[in-house]
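Enquirer: sequence and predicted model, in that order:
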Amino acid sequence: MPVNPLNRREFMQKSAVTGAAVAVAGSVAAAPAQAADRHPGKKPRTWSFSILGTTDLHSHVFDWDYYTDAAYKDSKGNSVGVARVATLVKQQRAAKGEDHVLLVDAGDIIQGTSLAYYYARVDPITGSDAPKHPMAIAMNAMRYDAAALGNHEFNYGIDVLRKFEKQCRFPLLGANALDAKTLRPAFAPYTVKHIRVPGAPDIKVGVLGLTNPGIALWDKDNVSGKMEFTGLVEQAKKYVPRLRALGCDVVFLTDHSGLDGSSSYGSELPYVENASNLVAEQVPGIDAILVGHTHTEVSSYTVTNTETGKDVILSEPYCYGMRLTVFDFELELAHGQWKVTSTKAQTLNSNTVEEDEEITELLKADHDLVVKYVNTPVGTCTEDLSAAEACWKDVPVMDFIHEVQMAAVATGLSTADAALPLISVAAPFSRTADIPKGDVTIRDVAGLYIYDNTLYGKKLTGAQLKDYLEYAAKYYAKVPSGTTVDTSTLTNANSFWDYMYDTAAGVSYDIDIAQAEGSRIKNLTYKGTSVTDDQVFVVAVNNYRANGGSGYPHIAAADIAYSSTNEIRQLMIDYVTSKGSLDPADFAATNWKLTQDGTAVF
């Protein structure tokens with residue numbers, strides 16, 4: 001859960017993009033345009049090839065939204081799914097030679113949709129009569145050459161990831177994912193691909209995969225004691241020279257890490273979360289980097305290596321299969337060795353093509369099965385519960401999440417901890433979520449809680465709770481008293497995205513947006529009495545936040561009163577199923593509001 005998919009700011013394109021084209025792996029005959037020179041002594045032999053890149057597919061197979069039970073739709077007219085990407089890939093191979101293209105992914109493959117959840121939990125690929133993961137089927141059919149591990153690969157545990165790995169006919173790469181006991185790579189660090197050039201030496205392309213250090217926090221429960229995750233720069237410094245020593249003419253990195261040098265987890269880890277730009281800048285010998293993780297479109301971005309002065313081209317193709325990056329490389333043969341003379345990148349939009357018929361045929365049955373599953377009724381609701389205003393108002397649909405979290409934590413507390421006041425914190429993950437009045441289905445509930453988080457109960461003092469809420473309040477822009485509040489510009493200040501913003505239930509408080517950050521929480525009370533600094537609370541919180549995600553103060557180091565491996569989303573579905581009906585009157589009131597100098601805003 002390290003990024004809000006569609007709220008990240010887009011990078012401005014920093015370097016011009018042109019489309020160079022031509023050949024790659026397994027070539028047995030040169031295309032006419034590629035036969036640059038077959039006569040020694042006249043001019044150097046040249047060759048061109050392309051690497052295609054995807055990232056953050058998140059198990060989007062078709063152009064479909066399982067939460068709305070309709071075709072995917074956003075304000076920019078994007079389309080999603082590997083079925084459309086497959087069409088773009090086939091077009092590239094047809095233009096450049098069927099076997100003349102490498103295809104690489106930058107991670108976050110097996111989590112993110114109801115289809116992903118179904119094959120991890122409902123009919124898991126680890127079962128005795130296990131199905132094959134739809135993403136393995138699709139990516140094998142598309143002939144991927146390699147994929148980096150994403151942090152969300154670890155959400156369902158290492159067993160699910162290892163089974164997926166076995167189903168893939170391409171390596172999952174992670175040079176900085178280390179076995180905790182041996183400190184050796186737990187996955188293949190790299191792969192080397194050979195590009196056949198008639199009448200000349202092969203072009204050797206080393207593909208190095210790096211994943212996100214944040215896994216150590218975000219999936220602590222799944223990886224602690226089993227794997228460790230070091231920095232991208234540190235491991236690239238180790239493996240890039242190794243690839244050059246192996247004779248690689250081109251070194252290409254696929255990083256599940258953004259390119260702005262930022263981190264969302266404060267000081268919890270010594271390694272940078274979004275480090276691709278730092279890798280390019282600090283590690284000599286890299287030609288290009290496929291970037292992932294931040295769900296941003298960066299068509300082409302140039303970083304100059306500080307040691308060599310060489311430009312390194314980076315590109316991030318958005319997410320969900322909305323874009324395909326095309327890296328074009330031109331090389332020249334000098335003294336029996338290939339040298340890169342030009343590298344360019346561009347992104348292609350998948351909304352310009354139709355879904356590939358082969359992928360559609362392979363996965364339609366899996367897709368239909370999941371559509372049937374998510375449309376299963378689980379109960380009813382007494383009124384429409386919308387999340388449209390959840391980012392700036394106390395709304396009943398958020399009280400539903402808080403109610404489920406507190407009820408679950410309450411069942412597992414010790415006698416001593418059960419005597420403490422119990423509260424809950426949770427984020428408004430989706431502004432489009434809506435649980436309708438009347439029949440409620442699995443997809444209605446799943447659309448409200450879109451991440452596969454599990455549940456903790458952690459202890460915070462009153463002073464720590466106030467710090468926690470002050471940290472959350474930096475989500476709002478400062479709006480001086482008397483100034484009209486515009487909700488379109490009110491939220492997401494400080495690049496603090498919706499999934500990072502927590503509201504609290506069980507206590508009452510005001511957020512004064514006219515005040516400076518750090519001085520906004522007012523009138524913090526519990527059952528009508530002011531919260532004291534030394535008062536101790538049990539706080540129901542998801543595992544991502546409990547382990548340090550988004551950098552909230554105190555929570556990662558707090559004592560644990562409760563933990564569970566059950567996903568909060570499933571707890572919510574079970575709550576509706578057991579009660580038969582959702583009624584906001586049954587929820588504990590959250591009772592927070594925005595103010596300007598003490599005057600309520602809404």
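Expert: Cool, the structure landed. Numbers count the residues shown, from 1 in each chain.
Enquirer: got the contact list for the residue lying closest to N453 once chain neighbours are set aside?
Expert: Spatial nearest neighbour of N453, excluding adjacent residues (C-beta to C-beta, 6 or more residues apart in numbering): N542 at 3.8 Å. C-beta coordinates here come from the backbone N, C-alpha and C atoms, glycine included. Listed by C-beta atoms under 8 Å, 6 or more residues apart in numbering, the contact set of N542 reads Q405, A426, Y451, N453, T454, L455, Y456, I568.
Enquirer: ditto for T341
Expert: Going by C-beta under 8 Å, 6+ apart, T341 touches T46, E330, L331, E332.
Enquirer: surely it forms part of a strand?
Expert: Yes: T341 forms part of a strand when assessed by DSSP: H, G, I helix; E, B strand; the rest coil.
Enquirer: which one of the contacts of N542 is nearest T87?
Expert: Y451 (29.7 Å; C-beta to C-beta).
Enquirer: ok, the closest one touching G549?
Expert: No: checked against C-beta atoms under 8 Å, the pair Y451 and G549 is beyond contact range at 10.3 Å.
Enquirer: circling back: could the contacts of N542 go into a markdown table alongside distance to A146 and secondary structure?
Expert: Output for the contacts of N542, formatted as a markdown table (distance: C-beta to C-beta, whole Å; DSSP: H, G, I helix; E, B strand; the rest coil):
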| residue | distance to A146 | secondary structure |
| --- | --- | --- |
| Q405 | 39 | helix |
| A426 | 37 | strand |
| Y451 | 27 | coil |
| N453 | 29 | coil |
| T454 | 30 | strand |
| L455 | 35 | strand |
| Y456 | 35 | strand |
| I568 | 33 | helix |
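Enquirer: what's the farthest-apart pair in those residues?
Expert: Of all pairs drawn from those, the greatest distance, 14.2 Å, lies between Y451 and Y456 (C-beta to C-beta).
Enquirer: now do the same end-to-end measure for stretch 587-602.
Expert: 21 Å (C-alpha to C-alpha, to the nearest Å).
Enquirer: quick one: buried residues of it?
Expert: By 16 or more other C-beta atoms under 10 Å, the buried positions in stretch 587-602 come out as F587, T590, W592, K593, L594, T595, Q596, V601.
Enquirer: ok, stretch 255-265 next?
Expert: For stretch 255-265, using 16+ other C-beta under 10 Å, the buried residues are D255, H256, S257, G258, L259, D260, S263, S264, Y265.
Enquirer: and which of the residues you listed is nearest I313?
Expert: Using C-beta to C-beta, those come closest to I313 at L259, 11.3 Å.
Enquirer: surely V425 and Y468 touch.
Expert: Yes: in terms of C-beta under 8 Å, V425 counts as a neighbour of Y468; the distance is 7.3 Å.
Enquirer: more neighbours: which of those two?
Expert: More crowded of V425 and Y468, by other C-beta atoms under 10 Å: V425, with 27 against 23.
Enquirer: so D328 belongs to a strand, correct?
Expert: Yes: according to three-state DSSP, D328 belongs to a strand.
Enquirer: quick one: contacts of whichever strand or helix holds R84?
Expert: Taking DSSP states H and E as the criterion, R84 maps to helix 82-96. With contact meaning C-beta under 8 Å, 6+ apart, helix 82-96 is reached by 21-24, 31, 49-50, 52, 54, 57, 60-63, 99-101, 103, 135, 138-139, 141-142, 321, 324, 326, 348, 350-351, 353-356, 358-360, 363.
Enquirer: which ones are touching E403?
Expert: S424, A505, Y575, D586, F587, A588.
Enquirer: could you check how far the residue nearest the centre of the chain is from P317?
Expert: Taking C-alpha atoms, centre = their mean, the centroid of the chain lies closest to H293, which sits 5.0 Å from it. In this view, H293 and P317 are 12 Å apart by C-beta to C-beta, to the nearest Å.
Enquirer: ok, A148 next?
Expert: Applying C-beta to C-beta to A148 and P317 gives a distance of 13 Å.
Enquirer: so what sits against both of those two?
Expert: L290.
Enquirer: tell me the phi and psi of A147?
Expert: Main-chain dihedrals, A147, degrees, to the nearest 10: phi -150, psi 140.
Enquirer: do S530 as well
Expert: According to degrees, to the nearest 10, S530 has phi -60, psi 140.
Enquirer: bridged to it, which residues?
Expert: Per DSSP bridges, the residues bridged to S530 are T525.
Enquirer: count of residues packed around it?
Expert: By other C-beta under 10 Å, 10 other residues sit near S530.
Enquirer: verify the stated contact: it with L524.
Expert: Yes: in this structure, S530 is within contact of L524 by C-beta under 8 Å, at 7.0 Å.
Enquirer: ok, what's across the strand from D65?
Expert: Going by DSSP bridges, D65 forms beta bridges with A70.
Enquirer: hang on, the earlier thing: okay, the residue nearest to the centre of the chain and K96: tell me how far apart.
Expert: Counting by C-beta to C-beta - H293 and K96 are separated by 28 Å.
Enquirer: same check, this time on Y526
Expert: Taken as C-beta to C-beta, the span from Y526 to K96 is 65 Å.
Enquirer: the two: who's more crowded?
Expert: Shown here are Y526 and K96; by other C-beta under 10 Å, K96 has more neighbours (24 against 18).
Enquirer: any idea how far that one is from V192?
Expert: 21 Å.
Enquirer: out of the buried residues of stretch 255-265, which is nearest to N494?
Expert: S264 (11.3 Å).
Enquirer: wait, isn't the closest one in contact with E273?
Expert: Yes: if you go by C-beta under 8 Å, S264 and E273 touch, sitting 5.9 Å apart.
Enquirer: helices along the stretch 401-550 of the chain, start to end?
Expert: 415-418, 442-446, 462-473, 487-490, 543-546 (DSSP state H, counting those that start in this stretch).
Enquirer: which strands and helices lie in contact with the last one?
Expert: Think helix 543-546. strand 454-461 (3 or more C-beta pairs under 8 Å, 6 or more residues apart in numbering; DSSP states H and E).
Enquirer: and the strand it packs on, what does it pack onto?
Expert: helix 396-410, strand 536-542, helix 543-546, strand 560-567, helix 568-579.
Enquirer: A388 is nearest to which of these?
Expert: helix 396-410 (9.3 Å).
Enquirer: what is the rounded mean pLDDT of the closest one?
Expert: Average pLDDT, helix 396-410: 97.
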